[in-house]
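> Just need the structure, nothing else, for what follows:
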Amino acid sequence: MSIGVHSLVKHKTGNIIGRVISLLSRQDKPWAMVDWGNSGISMHAVSDLIEVTQENRRS
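The predicted structure follows:
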């Protein structure tokens, strides 16, 4: 699976689950804008994000 718009993700250093609201493609590194709910919206390198599946959603 790959991260796309509407994917549920968490940052590799955190526990908060957010939703990707847009993607920005750069040749060197793709970026994602993530809505973290009450924690706000921020941009992250896609390589720093982990896609959350139904199996690992609660961990």
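
> quick one, longest strand in this protein?
strand 17-24 (DSSP state E).

> buried residues in that one?
Buried residues in strand 17-24, defined by neighbour count with 16 or more other Cβ atoms under 10 Å: 17-20. Glycine gets a C-beta too; all of them are placed from N, C-alpha and C.

> got it, and stretch 29-44?
31-34, 36, 44.

> and the residue nearest to residue 8 when sequence neighbours are not counted, what does it touch?
Nearest residue to residue 8, sequence neighbours excluded (Cβ to Cβ, 6 or more residues apart in numbering): residue 52, at 4.3 Å. Listed by Cβ atoms under 8 Å, 6 or more residues apart in numbering, the contact partners of residue 52 are 7-10, 17.

> Let's have those residues in TSV, adding pLDDT, distance to residue 48 and secondary structure.
TSV is the format used below for those (pLDDT from 0 to 100; distance: Cβ to Cβ, whole Å; DSSP: H, G, I helix; E, B strand; the rest coil):
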residue	pLDDT	distance to residue 48	secondary structure
7	95	14	coil
8	95	15	strand
9	96	10	strand
10	95	10	strand
17	94	15	strand
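
> Apply the buried test to the residues you listed and list what passes.
Using 16+ other Cβ under 10 Å, the buried members of those are 7-10, 17.
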